[in-house]
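A.B. asks: using only what follows, build the 3D model:
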Amino acid sequence: MSVIPINVYGDKILRKKAQSVSNIDFLAVELIKNMFETMRHANGVGLAATQVGIDQSIFVVDLSQVEDYEKFKPMVFINPKILDFSDKKVSIEEGCLSIPNVRYEVQRPESIYINYFDTNLKEHTLEADKFLARVIQHEQDHLNGVLFTDHLDEDAKKKLKKSLEKIKKREIEIDYPIVQKENLRLK
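C.D. replies: This next block holds a predicted model:
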């Protein structure tokens, strides 16, 4: 397995709607393994394929390092679609591996129903709540070209403008690899 550089704020692929996956071959399995490795190396709990420059509707989640989720089994979501959201919303601070060193309160539905496929292309429907629901919504947003900062009001966006510009210019210090400007794969 290997760690893949992560695309950051300003990279065009993060604004692209991911393409559906029609089959899982050796390359897709390797991608998924590398996504888990990349996510763990960066101390993340979720990672979408678009964040590592791959235009496919896949994301991975592993909450096992989070308090109260130690028994959580890592999950792969292929061609996920959120079917329903709860009316109750909660506001919790979020961060993102593609927006390093930036955290902000984001309001999201507390629970969701999601339909997705696993690596055997077996279909599943899952009811998720609390932190798992939040992570799934965050990663699903990535597959739709949406970043958590898009959920913020105008005042919050103004406060983050300088930080986001620094990320865009790669004027940041982080301990995991990011895609350098000269290596951007624009699609």
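A.B. asks: ok, the closest residue to residue 48 other than its chain neighbours to residue 52 distance?
C.D. replies: Spatial nearest neighbour of residue 48, excluding adjacent residues (C-beta to C-beta, 6 or more residues apart in numbering): residue 142 at 3.5 Å. In this view, the C-beta of every residue, glycine as well, is placed from N, C-alpha and C. Distance, residue 142 to residue 52, by C-beta to C-beta, to the nearest Å: 10 Å.
A.B. asks: swap in residue 120?
C.D. replies: 22 Å.
A.B. asks: cool, residue 32 as well?
C.D. replies: 11 Å.
A.B. asks: repeat that for residue 92.
C.D. replies: In terms of C-beta to C-beta, residue 92 sits 25 Å off from residue 52.
A.B. asks: more crowded one of the two?
C.D. replies: For residue 92 versus residue 52, neighbours defined as other C-beta atoms under 10 Å are more numerous around residue 52 (22 against 12).
A.B. asks: excluding covalently adjacent residues, which one is nearest to the spatially most central residue of the chain?
C.D. replies: Central residue of the chain (C-alpha atoms, centre = their mean): residue 139, 3.4 Å from the mean position. Using C-beta to C-beta, 6+ apart and skipping the chain neighbours, the partner closest in space to residue 139 is residue 59 (3.9 Å).
A.B. asks: quick one: the one you found is in a strand?
C.D. replies: Yes: Residue 59: assigned to a strand according to DSSP: H, G, I helix; E, B strand; the rest coil.
A.B. asks: hang on, the earlier thing: right, and the helix or strand after the host helix or strand of the residue nearest to residue 48?
C.D. replies: Using DSSP states H and E, residue 142 sits within helix 130-143. Going down the chain from helix 130-143, the next helix or strand is helix 154-168, by DSSP H and E.
A.B. asks: what distance separates that next one from the middle of the whole chain?
C.D. replies: 19 Å (C-alpha atoms, centre = their mean, to the nearest Å).
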